[in-house]
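Engineer: Compute the structure for the input listed below.
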Amino acid sequence: MDILIYFISYHFILQKQIVHTPVISISPYIAAFLISFMITFPTGFLLMRNIVFPGSSLKGRVQLFRYFMLVVICVILNYIFIKLFVEEFHIFPTIAKILATIIVISFSYLTQRNFTFKIDQKTE
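Structural biologist: Have a look, this model is predicted:
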């Protein structure tokens, strides 16, 4: 879902154009990433909590806080990888997003399994 939203945002919503705000100008591939993030954050939390890791013994607010912290780290990693792949390696932005997603999702899954939605060993 993230990559599809990114692709649509980059090609059709932003039309590969720089986004000018009163404060800064944002490259289209980073703006597309931010658009996809706004949709996938709440969707991702609900799916992780209710489908992927339903047996977690942690309270919902603890899960949400931990999930938010992890997502902030993942956003930073995504930003770094997308900038690196597009600007340094000259990879097409959608391909760069896919590569960044593969790296970040691997880190994210392991962290969520062992930290965010941790299952208490006593309840197994």
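Engineer: Strands along this structure, start to end?
Structural biologist: Assigned by DSSP state E, the chain shows strands spanning 19-20, 25-26.
Engineer: pretty sure residue 16 contacts residue 10?
Structural biologist: Yes - Residue 16 is in contact with residue 10 according to C-beta atoms under 8 Å; the separation is 6.5 Å. Every residue, glycine included, has its C-beta placed from N, CA and C.
Engineer: Which of these two has more residues huddled nearby?
Structural biologist: Each of residue 16 and residue 10 has its neighbours counted (other C-beta atoms under 10 Å); residue 10 has more, 23 against 12.
Engineer: got a list of what the more buried one touches?
Structural biologist: Applying C-beta atoms under 8 Å, 6 or more residues apart in numbering to residue 10 gives the contacts 16, 28, 29, 32, 93, 94.
Engineer: With residue 76 as the reference, measure out to the spatially closest residue to it that is not a sequence neighbour.
Structural biologist: Excluding the flanking residues, the one nearest residue 10 by C-beta to C-beta, 6 or more residues apart in numbering is residue 32, at 3.8 Å. Distance of residue 32 to residue 76, given as C-beta to C-beta, to the nearest Å: 17 Å.
Engineer: neighbour count winner among the two?
Structural biologist: Taking other C-beta under 10 Å, residue 32 and residue 76 do not tie; residue 32 has more neighbours (27 against 11).
Engineer: check contacts around the more buried one.
Structural biologist: So residue 32 contacts 6, 7, 9, 10, 13, 14, 93, 97 (C-beta under 8 Å, 6+ apart).
Engineer: just residue 60 next, same as before
Structural biologist: residue 49.
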